[in-house]
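could you work out the structure for the sequence below:
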Amino acid sequence: MDFKANDELLGKLMYVFAFIFLGYTLFVAVRYPFLTVDGWFTKGLLSLPVAQQISITALDVHPPLYYLILNAVVKALGALNVDLILSMKIASIIPYLIIFAICLTKVRKDYGTLAGGIAAFSLLTMSAYFNHYLTARMYSWAILFIFVAFLYVKPILEENDLKSWIIVSVFAVLGAYTHYFAAVTFVALYFLLFVYVLIRNRDAIKNWFISVIIGIILYAPWALTLFSQMRSVKSSYWIEPASLRLIVDCFGSYITFYPSLAVAAAGSVILLAFTILILRDYLKNMDIENEYYLIGILAFALTIIAGAVASFVYKPIMIVRYVMPATVMVWIVISIYISRLNVKKLAIILTLLVLVIGAANIAYQMQEVHELHDTMVKDVEYLESINNNNSIIVYDGMQKYMRFHDNLDNATYYVNYELNNETHDEAYVKTLGLNETLFKVPKDLDKHPGKTLYLIRDHRGQVDHVDGYKMKTDHKIKNCKFIKITKN
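Numbering: from 1, shown residues only. All right, here's what the predicted structure looks like:
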């Protein structure tokens with residue numbers, strides 16, 4: 001049996017399946033033109049000047065690059081009369097189009113058709129990639145930047161190639177300007193490269209420092225904002241405390257986000273066994289190929305470990321989707337490893353296993369799309385029911401205003417937040433008894449007789465009794481409560 005020919009055929013089939021699922025992704029984007037609540041926030045930003053968008057993203061504890069990219073894409077597609085929501089979704093699909101093209105060219109050239117095909121397929125179907133290519137947020141761009149940077153780590157190990165060092169540093173900065181956990185991944189990657197050059201190739205230390213200095217210079221303009229955001233997170237943040245379950249879920253997230261401890265634990269054990277196997281082979285041969293594999297897997301692991309340590313010691317900052325972009329390195333390693341197996345029957349079996357798991361994971365993620373769509377339909381119906389001149393909406397700060405105001409633009413509203421040293425405050429005078437909230441009653445509420453007041457606040461904390469008012473949770477949207485308040 002000609003296993004090489006079978007490798008070629010199987011690799012081409014994986015490309016075909018990846019292309020089919022790409023078409024399906026575009027179909028779903030058109031067929032289900034809805035945004036998640038976080039997407040509503042993004043949509044709310046787009047109505048503002050770019051400078052103000054960046055100021056608000058700084059308050060929202062995110063770096064700015066995704067929003068700059070989104071503005072450019074929406075503007076270009078808007079000129080072609082493409083719907084705004086579809087344009088926002090396409091902006092998140094573009095990174096996979098680039099990934100697919102790179103898998104078809106560079107990965108195929110460097111590692112063969114099978115490796116390229118597995119990578120193209122897995123980087124759409126595994127983890128929660130599919131859903132995040134359909135979400136109007138920054139994760140797909142973080143995936144792309146880590147993907148490109150990690151591909152160029154290999155020439156660094158092989159040749160100490162300065163061009164590759166520069167490419168890695170530039171894409172590391174792009175990743176850090178996109179999502180902070182991508183920055184954590186790149187710090188882990190540079191730490192592992194530093195260990196490598198100290199132990200295996202001290203001639204590369206100069207290029208390592210050049211690459212690091214380039215990164216520091218390019219990221220310096222955002223440093224003050226980052227420090228301000230860290231202080232904000234320290235004082236108050238919405239993420240729940242870290243737990244052992246969260247860590248296991250993170251380690252198993254390279255396969256799926258399916259909410260099962262058994263599945264996550266199985267994925268974690270498989271990854272551990274795979275890492276031990278690679279380490280055993282590396283200790284036998286001390287070869288660059290296995291060094292590359294180990295750096296990819298360990299950078300993923302260190303991303304989770306760093307997030308867990310910070311969450312336990314500093315403030316909870318880690319959720320599973322934050323580490324998802326780092327899982328890309330695991331799938332690059334798996335793709336190349338399978339294609340290099342000497343036992344070709346095993347390579348074929350593992351490739352088919354990737355195909356089956358990926359298809360099943362798409363089915364699960366599509367179920368999530370249906371559930372999100374149904375939930376969003378109900379949420380929009382609720383917002384439409386109170387979006388009238390008989391409602392008064394009080395927003396607890398900037399983020400909730402950006403999320404919901406587009407859907408509540410017919411109601412009278414009050415909002416209280418600071419932006420660009422200006423206070424947006426409609427003279428609130430009496431703080432309601434709400435734990436950990438900025439909600440206050442507008443002092444001119446009496447001039448709106450017969451109207452109903454809705455406070456939009458975080459879901460945590462209890463509503464205390466307030467004399468003269470009846471208070472009732474009327475609806476919940478993600479982590480927000482709509483509290484209906486009427487006078488006794």
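
just checking, residue 142 is part of a helix?
Yes. Per DSSP: H, G, I helix; E, B strand; the rest coil, residue 142 lies within a helix segment.

so it sits against residue 176, correct?
No. In this structure, residue 142 is not within contact of residue 176 by CB atoms under 8 Å, at 9.4 Å. C-beta: built from backbone N, CA, C; applies to glycine.

who touches both of those two?
Listed contacts common to residue 142 and residue 176 are residue 182; contacts here mean CB atoms under 8 Å, 6 or more residues apart in numbering.

residues in contact with stretch 275-295?
Residues from elsewhere that reach stretch 275-295, judged by CB under 8 Å, 6+ apart: 153-154, 157-158, 189, 192-193, 196, 200, 297-298, 333, 336-337, 340.

that one spans what distance, first to last residue?
Across its full length, stretch 275-295 reaches 10 Å end to end, with CA to CA, to the nearest Å as the criterion.

list the helices and strands the longest helix seen in the chain packs on?
Using DSSP state H, we find that the single longest helix of the chain is helix 344-386. Other elements packing on helix 344-386 under the criterion 3 or more CB pairs under 8 Å, 6 or more residues apart in numbering; DSSP states H and E are helix 3-31, helix 113-125, helix 129-133, helix 327-339, strand 469-477.

hmm, 6 Å instead?
In terms of contacts (3 or more CB pairs under 6 Å, 6 or more residues apart in numbering; DSSP states H and E), helix 344-386 is packed against helix 113-125, helix 129-133, helix 327-339.

nearest to residue 55, of those helices?
Judged by CB to CB, the one of those that comes nearest to residue 55 is helix 129-133, at 25.6 Å.

give me the distance from that closest one to the chain's centre.
Counting by CA atoms, centre = their mean, to the nearest Å, helix 129-133 is centred 9 Å from the centre of its parent chain.

how about stretch 82-92?
17 Å.

send the alpha carbons of it over as PDB?
Provided in PDB are the C-alpha atoms of stretch 82-92 (Å, rounded to 0.1, in the frame of the first residue of the first chain):
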ATOM      1  CA  VAL A  82     -23.500  44.900   3.300                       C
ATOM      2  CA  ASP A  83     -25.700  44.700   6.500                       C
ATOM      3  CA  LEU A  84     -24.000  46.000   9.600                       C
ATOM      4  CA  ILE A  85     -24.400  42.800  11.700                       C
ATOM      5  CA  LEU A  86     -23.200  40.600   8.800                       C
ATOM      6  CA  SER A  87     -20.300  42.900   8.300                       C
ATOM      7  CA  MET A  88     -19.300  42.500  12.000                       C
ATOM      8  CA  LYS A  89     -19.500  38.700  11.600                       C
ATOM      9  CA  ILE A  90     -17.400  38.700   8.400                       C
ATOM     10  CA  ALA A  91     -14.800  40.700  10.300                       C
ATOM     11  CA  SER A  92     -14.500  37.700  12.700                       C
END
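
name the residues of that stretch that are buried.
Within stretch 82-92, the residues that count as buried by 16 or more other CB atoms under 10 Å are 85, 87, 88, 89, 90, 91, 92.

what's the mean pLDDT across the helix or strand where the last one lies?
Read it as residue 92. Counting by DSSP states H and E, the element that carries residue 92 is helix 84-102. For helix 84-102, mean pLDDT rounds to 97.

and stretch 480-488, by the same measure?
Throughout stretch 480-488, pLDDT has a mean value of 80.

coming back round to it: quick one: the helix holding residue 92 to helix 327-339, angle?
With axes from the mean of the first three to the mean of the last three CA atoms, to 10 degrees applied, the angle from helix 84-102 to helix 327-339 works out at 40 degrees.

nearest residue to the residue nearest the centre of the chain other than its sequence neighbours?
Among the residues of the chain, the one closest to the centroid is residue 139, at 3.1 Å (CA atoms, centre = their mean). Beyond its immediate neighbours in the sequence, the residue positioned closest to residue 139 (CB to CB, 6 or more residues apart in numbering) is residue 132, lying 4.3 Å away.

how far away is the one you found from residue 123?
11 Å (CB to CB, to the nearest Å).

the two: which is more packed in?
For residue 132 versus residue 123, the count of surrounding residues by other CB atoms under 10 Å is larger for residue 123: 27 against 22.

what about the more buried one, distance to residue 378?
To residue 378, residue 123 is 33 Å away according to CB to CB.

residue 186 too?
Taken as CB to CB, the span from residue 186 to residue 378 is 40 Å.

swap in residue 219?
42 Å.

do the same with residue 336
Relative to residue 378, residue 336 is positioned 45 Å away (CB to CB).

got a list of what residue 16 touches?
Contacts for residue 16 (CB atoms under 6 Å, 6 or more residues apart in numbering) come out as none.

tell me the confidence at it?
Looking at residue 16, its pLDDT stands at 97.

check residue 455 too.
According to the predicted model, the pLDDT of residue 455 comes to 82.

so residue 127 touches residue 326, yeah?
No. Under the criterion of CB atoms under 6 Å, residue 127 is not in contact with residue 326, lying 10.0 Å apart.

can you pull the contacts of residue 175?
Residue 175 makes contact with 142, 145, 146, 182, 186 under the criterion CB under 6 Å, 6+ apart.

now, which of those residues lie within helices?
The subset of these that ends up in helices is 142, 145, 146, 182, 186, with DSSP H as the criterion.

from those residues, list the buried ones, please.
The neighbour-count criterion (16+ other CB under 10 Å) marks 142, 145, 146, 182, 186 among the ones in helices among the contacts of residue 175 as buried.

residue 219 and residue 378: which is more packed in?
Between residue 219 and residue 378, counted using other CB under 10 Å, the more crowded position is residue 219 (16 against 12).

the more buried one sits in which helix or strand?
helix 205-219.

quick check: mean pLDDT of that helix?
Looking at helix 205-219 alone, the average pLDDT works out to 94.

what of stretch 298-308?
The average of the pLDDT scores along stretch 298-308 is 97.

what does it rub up against?
For stretch 298-308, contacts defined as CB under 6 Å, 6+ apart pick out 184-185, 188-189, 192, 242, 247, 250, 318, 323, 326, 329-330.

let me see the contact set for the nearest residue to residue 7 once chain neighbours are set aside.
Nearest in space to residue 7, with sequence neighbours left out and distances taken as CB to CB, 6+ apart, is residue 114 at 4.6 Å. Taking CB under 6 Å, 6+ apart as the definition of contact, the neighbours of residue 114 are 7, 10, 11, 339.
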